[in-house]
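Peer 1: Would you be able to build a 3D model of this:
(one chain, ligands or ions: 1)
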Amino acid sequence: MIVDCHAHFEPRMLDLDGVVRKIDAAGVDRVVLIPAMNDLLPSTPELLLKTVRTLMKRAATRPLAEAIHRATLDRNGNLHYGGQTTVIYPLPDNGAVAEVLRARPDRFWGWIFLNPKADPDVLGTLERWRQEPGFVGVKLHPHWHDYRTELLDPILRRCEELGLPALIHLGFGARGDFRSMAARYPKLTIIAAHAGFPFYRDLWRYRSAYPNLHVDLSSPYIDERLAREAVAAMGPERCLYGTDAPYGFEGPDESYDYEAIKGWIARLPVPAKKKDGIFGERFLELLGR
Ligand SMILES: [Zn+2]
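Peer 2: Residues are numbered from 1 along each chain as shown. Reported below is the predicted structural model:
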């Protein structure tokens with residue numbers, strides 16, 4: 001069973017029928033959708049992505065990547081680059097994903113998007129949406145929602161109690177304190193998005209210290225080489241297939257290319273059984289399914 005554990009529901013780029021057509025063609029059984037958190041982004045030049053990836057790989061140059069990131073955030077918390085402002089939604093619409101889960105429970109699950117900085121009743125929001133069948137965990141984005149991870153304490157405590165995994169797009173510094181989260185909630189499944197962006201190997205080296213820490217292998221925030229390094233460092237059982245669709249990896253039809261990241265995993269130098277784990281079996285175990 002192939003499960004894409006990190007994709008965005010963004011019907012302005014790829015509507016529901018489009019997603020189903022794509023995953024049918026790619027042989028992906030299920031997708032776990034994240035509610036849209038932003039207006040459509042200008043496309044990021046590959047050279048810029050590559051430069052930022054390189055800067056983030058080392059602790060010494062990571063502050064430069066952070067400075068570039070901070071320079072793209074305006075006073076209202078929106079992104080500003082490429083001569084364009086992209087609005088970041090403080091409260092992404094979980095209802096839009098809930099509708100998909102009702103329409104196609106056979107192909108989709110969902111992440112409940114929470115933002116402790118903008119939601120005075122964030123635990124109430126969690127309780128409300130977790131009643132909806134098909135929501136399997138929470139998505140947190142301290143990077144773009146721009147808050148310190150200590151704000152997440154009540155949410156992480158509740159997720160640990162409920163056995164819900166947390167998918168976290170870590171930010172820089174105190175916005176990405178994965179060590180304190182993993183240590184304080186040892187029974188919580190933490191999935192660091194994009195191979196542990198922006199820390200990469202500085203997160204992977206805590207593999208043994210924090211058995212609850214996992215990474216997904218999604219998005220052009222990483223490349224095939226970084227995905228390989230992540231699997232070698234974390235071990236295949238701590239790495240999960242994800243795409244970040246519909247962002248990045250444009251195919252010949254000018255829409256999302258579902259084969260790109262699948263190819264990275266198919267070409268990994270690990271036994272087929274381990275690949276099956278990455279492709280979805282491990283994620284199902286983490287969900288207790
Ligand atoms: Zn994403």
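Peer 1: any idea how far Ala174 is from Asp119?
Peer 2: With distances taken as CB to CB, to the nearest Å, Ala174 is found 20 Å from Asp119. C-betas here are computed from N, CA, C, even on glycine.
Peer 1: between the two, who's got more neighbours?
Peer 2: With other CB atoms under 10 Å as the criterion, Ala174 and Asp119 differ in neighbour count, and Asp119 comes out ahead with 16 against 13.
Peer 1: My guess is the more buried one contacts Arg128. True?
Peer 2: No - the criterion here is CB atoms under 8 Å, and Asp119 misses it with Arg128 at 11.1 Å.
Peer 1: so how many other residues sit close to Pro45?
Peer 2: 10.
Peer 1: what's the answer for the one 4 residues further on, then?
Peer 2: For Leu49, the count of nearby residues is 16 (other CB under 10 Å).
Peer 1: which residue sits closest to it, ignoring its sequence neighbours?
Peer 2: Distance criterion CB to CB, 6 or more residues apart in numbering; nearest residue to Leu49, sequence neighbours excluded, is Pro220 at 5.5 Å.
Peer 1: Helix or strand: which one has that neighbour?
Peer 2: Element membership of Pro220, judged by DSSP states H and E, is empty: it is in no helix or strand.
Peer 1: Check what pLDDT it gets.
Peer 2: For Pro220, the pLDDT comes out at 82.
Peer 1: what's the burial count for it?
Peer 2: A total of 17 residues lie near Pro220 under the criterion other CB under 10 Å.
Peer 1: if I look at it, how far off is Ala195?
Peer 2: Distance, Pro220 to Ala195, using CB to CB: 12 Å.
Peer 1: mind listing what the residue nearest to the spatial centre of the chain touches?
Peer 2: When CA atoms, centre = their mean is applied to the chain, the residue found nearest the centroid is Ala193 (3.9 Å). Taking CB atoms under 8 Å, 6 or more residues apart in numbering as the contact definition, Ala193 lies against 6, 167-170, 215-216, 218-219, 242.
Peer 1: what would those look like in TSV with neighbour count and distance to Pro142?
Peer 2: Supplementary listing: the contacts of Ala193 in TSV, determined by neighbours: other CB atoms under 10 Å; distance: CB to CB, whole Å:
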residue	neighbour count	distance to Pro142
His6	28	16
Leu167	26	12
Ile168	23	7
His169	27	7
Leu170	24	7
Val215	27	16
Asp216	30	16
Ser218	28	17
Ser219	22	16
Gly242	27	18
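Peer 1: quick one on the thing from earlier: please verify my assumption that the residue nearest to Leu49 contacts Leu48.
Peer 2: No - distance between Pro220 and Leu48: 10.5 Å, which falls outside the contact criterion (CB under 8 Å).
Peer 1: Great, nothing more from me.
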